[in-house]
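> Show me the folded form of this:
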Amino acid sequence: MSGVADRVLVDASAGGRLALITESFLRLTGRPLVPDGTDLASALWQAPRVVLAHGTEPDPIFFYANRLALDRFEIAADALLRMPSHLSAEALLRDERAALLARVARDGFIDDYAGIRVSAKGRRFRIEQAVVWNLIDAMSVCHGQAATFEHWTEL
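Alright, predicted model coming up:
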């Protein structure tokens, strides 16, 4: 589903924040998100797990999604990169998602999240063992939040 045009849009949208995604993950969890010594943009794009990130707008907008994220959410990059991240959850579960994001804001990251998500085509799936973390730079400024997961079940 996702191709070269999607990758170009995603890389341009993320800009210098690709390093922020991986560095924050390592700093908070103590684990690398992608293998050391690899091309960061390629490693994130081709990762065998969904990776998504949104900014700090009042209604946060996605600024990054890798190939697997676009495929899993059945959406093209141009649509996802202007979509508020809360729309990735069903309307009835948005309160649950808000509580999750508050917990991440308080604790820096969580690595035990499970919840229902919905693709752009309306397909529902349950994500499991998701890691959600704050995008914190070296000066302790928060630039948003990111999530990664590799386990899901179709509903």
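> phi, psi of the residue nearest the centre of the chain?
Centre of the chain computed as the mean C-alpha position; nearest residue by CA atoms, centre = their mean is Leu52, 1.7 Å away. Here the main-chain torsion angles of Leu52 (degrees, to the nearest 10) amount to phi -130, psi 150.
> wait, it sits on Pro60?
No. With contact defined as CB atoms under 8 Å, Leu52 does not reach Pro60; the gap is 10.9 Å. Where you see a C-beta, it was placed from the backbone N, CA and C, and this is true even at glycine.
> what residues are shared contacts of those two?
Taking CB atoms under 8 Å, 6 or more residues apart in numbering as the criterion, Leu52 and Pro60 both touch Ser85.
> Check the secondary structure at Val51 for me.
Three-state call for Val51 (DSSP: H, G, I helix; E, B strand; the rest coil): strand.
> any idea of the pLDDT on it?
The model reports Val51 with a pLDDT of 98.
> beta partners for it?
Thr148 (DSSP bridges).
> what packs against the lowest-mean-pLDDT helix or strand in the chain?
Least confident helix or strand, the chain: helix 94-107 with a mean of 78, by mean pLDDT, DSSP states H and E. Helices and strands touching helix 94-107, by 3 or more CB pairs under 8 Å, 6 or more residues apart in numbering; DSSP states H and E, are strand 109-118, strand 124-136, strand 142-149.
> Quick one: list the elements packing against the last one.
For strand 142-149, the elements it packs on are helix 17-29, strand 50-54, helix 94-107, strand 124-136, judged by 3+ CB pairs under 8 Å, 6+ apart.
> can I get the CA coordinates of the second one in CSV?
Extracted in CSV, the C-alpha atoms of strand 50-54 (Å, rounded to 0.1, in the frame of the first residue of the first chain):
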residue,chain,number,x,y,z
VAL,A,50,4.3,0.1,13.6
VAL,A,51,5.8,3.4,14.6
LEU,A,52,3.7,6.6,14.8
ALA,A,53,4.3,10.1,16.3
HIS,A,54,2.3,13.2,16.8
